[in-house]
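Novice: show me how the following folds:
(chains A, B and C)
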Amino acid sequence: MEEFQLRIYSILGMLPTGETISYGELAQQAGYKGYARQVGQLLKHLPKDSSLPWFRVINSKQEISFPIDSDAYLRQKNHLENEGWRVIGKKVKPS
DNA sequence: AGTATGGCGACGA
DNA sequence: ATCGTCGCCATAC
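Specialist: Numbers count the residues shown, from 1 in each chain, chains lettered A, B, ... in the order given. Got it, this is the predicted structure:
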(Lines give C-alpha, C1' and ligand atoms only; values in the text may rest on other atoms or scores of the structure.)
Protein backbone atom coordinates (compact mmCIF):
# COMPACT_ATOMS: atom_id res chain seq x y z
CA MET A 1 0.00 0.00 0.00
CA GLU A 2 1.51 3.30 -1.05
CA GLU A 3 -0.10 5.36 1.68
CA PHE A 4 3.46 6.43 2.27
CA GLN A 5 3.91 8.12 -1.06
CA LEU A 6 0.59 9.92 -0.79
CA ARG A 7 1.49 11.40 2.58
CA ILE A 8 4.91 12.45 1.39
CA TYR A 9 3.56 13.98 -1.79
CA SER A 10 0.92 16.01 -0.03
CA ILE A 11 3.24 17.32 2.63
CA LEU A 12 5.89 18.21 0.13
CA GLY A 13 3.27 19.80 -2.05
CA MET A 14 2.31 22.09 0.78
CA LEU A 15 5.85 23.17 1.51
CA PRO A 16 6.00 26.92 0.95
CA THR A 17 8.30 28.55 -1.55
CA GLY A 18 11.56 29.58 0.03
CA GLU A 19 11.53 26.84 2.65
CA THR A 20 13.46 23.61 2.81
CA ILE A 21 12.95 20.39 4.71
CA SER A 22 15.12 17.36 5.36
CA TYR A 23 14.37 13.85 4.18
CA GLY A 24 14.02 12.68 7.74
CA GLU A 25 11.69 15.48 8.74
CA LEU A 26 9.53 15.00 5.73
CA ALA A 27 9.23 11.33 6.61
CA GLN A 28 8.52 12.12 10.22
CA GLN A 29 5.86 14.68 9.45
CA ALA A 30 4.20 12.09 7.29
CA GLY A 31 4.14 9.76 10.26
CA TYR A 32 6.99 7.57 9.07
CA LYS A 33 9.89 8.29 11.33
CA GLY A 34 13.00 6.43 10.20
CA TYR A 35 12.00 6.46 6.55
CA ALA A 36 14.38 9.12 5.33
CA ARG A 37 15.95 6.86 2.74
CA GLN A 38 12.59 5.85 1.39
CA VAL A 39 11.82 9.50 0.87
CA GLY A 40 14.97 9.71 -1.20
CA GLN A 41 13.88 6.64 -3.13
CA LEU A 42 10.51 8.16 -3.78
CA LEU A 43 11.83 11.47 -5.00
CA LYS A 44 14.30 9.68 -7.18
CA HIS A 45 11.50 7.96 -9.04
CA LEU A 46 9.42 11.07 -9.29
CA PRO A 47 7.83 11.52 -12.72
CA LYS A 48 9.53 14.19 -14.80
CA ASP A 49 6.32 16.12 -15.19
CA SER A 50 5.76 16.26 -11.46
CA SER A 51 5.20 19.74 -10.08
CA LEU A 52 6.46 18.79 -6.64
CA PRO A 53 9.31 20.91 -5.24
CA TRP A 54 11.74 18.01 -4.82
CA PHE A 55 14.60 20.50 -4.75
CA ARG A 56 13.46 21.88 -1.41
CA VAL A 57 14.42 18.59 0.19
CA ILE A 58 17.95 18.47 1.53
CA ASN A 59 19.64 16.31 4.14
CA SER A 60 19.77 16.99 7.86
CA LYS A 61 23.21 18.54 7.52
CA GLN A 62 21.69 21.24 5.38
CA GLU A 63 23.44 19.91 2.33
CA ILE A 64 22.49 18.84 -1.15
CA SER A 65 22.62 15.05 -1.28
CA PHE A 66 24.20 14.74 -4.69
CA PRO A 67 27.78 14.55 -5.82
CA ILE A 68 29.10 18.03 -6.40
CA ASP A 69 29.75 17.37 -10.08
CA SER A 70 26.43 15.75 -11.02
CA ASP A 71 23.89 17.76 -12.94
CA ALA A 72 21.22 16.72 -10.47
CA TYR A 73 23.28 18.75 -8.03
CA LEU A 74 23.39 21.69 -10.38
CA ARG A 75 19.66 21.63 -11.01
CA GLN A 76 18.94 21.61 -7.30
CA LYS A 77 21.46 24.32 -6.65
CA ASN A 78 19.93 26.59 -9.26
CA HIS A 79 16.43 26.09 -7.96
CA LEU A 80 17.48 26.83 -4.41
CA GLU A 81 19.36 29.93 -5.43
CA ASN A 82 16.29 31.09 -7.29
CA GLU A 83 14.42 30.89 -4.02
CA GLY A 84 16.97 32.94 -2.19
CA TRP A 85 19.43 30.42 -0.77
CA ARG A 86 23.17 30.56 -0.97
CA VAL A 87 24.79 27.29 -1.98
CA ILE A 88 28.46 26.89 -1.10
CA GLY A 89 29.70 23.49 -2.21
CA LYS A 90 27.00 21.19 -0.90
CA LYS A 91 26.05 23.49 1.93
CA VAL A 92 22.76 25.33 1.71
CA LYS A 93 22.73 28.52 3.72
CA PRO A 94 20.16 31.24 4.22
CA SER A 95 20.97 34.47 2.47
C1' DA B 1 18.30 -16.38 2.37
C1' DG B 2 22.47 -13.26 2.30
C1' DT B 3 24.45 -9.17 0.56
C1' DA B 4 24.90 -4.74 -1.39
C1' DT B 5 23.33 -0.30 -2.22
C1' DG B 6 20.73 4.00 -1.71
C1' DG B 7 19.07 11.91 -3.03
C1' DC B 8 19.48 9.47 5.14
C1' DG B 9 20.38 10.39 10.30
C1' DA B 10 22.54 10.59 14.97
C1' DC B 11 26.63 10.57 17.62
C1' DG B 12 31.28 10.31 18.96
C1' DA B 13 36.11 11.39 18.24
C1' DA C 1 34.06 21.34 10.03
C1' DT C 2 35.06 16.41 8.79
C1' DC C 3 35.29 11.54 8.96
C1' DG C 4 33.80 6.90 10.83
C1' DT C 5 30.47 3.89 12.50
C1' DC C 6 26.00 2.25 13.31
C1' DG C 7 21.26 2.26 12.84
C1' DC C 8 17.46 2.52 9.64
C1' DC C 9 14.20 0.34 5.82
C1' DA C 10 13.06 -0.83 0.95
C1' DT C 11 14.74 -2.73 -3.45
C1' DA C 12 17.53 -5.38 -6.46
C1' DC C 13 20.50 -9.19 -7.42
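
Novice: please, which helix or strand holds residue A:87?
Specialist: Take DSSP states H and E as the rule and residue A:87 turns out to sit in strand A:85-88.

Novice: and chain A, which of its residues are near DNA strand B?
Specialist: For chain A, the residues in contact with DNA strand B under the definition CB under 7 Å from any atom of the strand are A:22-25, A:36-41, A:43-44, A:46, A:54-55, A:57, A:59-61, A:65-66, A:72, A:76. From N, CA and C alone the C-beta is placed, and that goes for glycine too.

Novice: of those, which are in range of DNA strand C?
Specialist: A:36-38, A:41.

Novice: any chance of CSV for those, columns pLDDT and neighbour count?
Specialist: Written out in CSV, the entries for these read as follows (pLDDT from 0 to 100; neighbours: other CB atoms under 10 Å):
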residue, pLDDT, neighbour count
A:36, 98, 18
A:37, 98, 11
A:38, 98, 15
A:41, 97, 12
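
Novice: in helices, which of the residues of chain A next to DNA strand B appear?
Specialist: Of the positions in the residues of chain A next to DNA strand B, A:23-25, A:36-41, A:43-44, A:72, A:76 sit in helices, assigned by DSSP state H.
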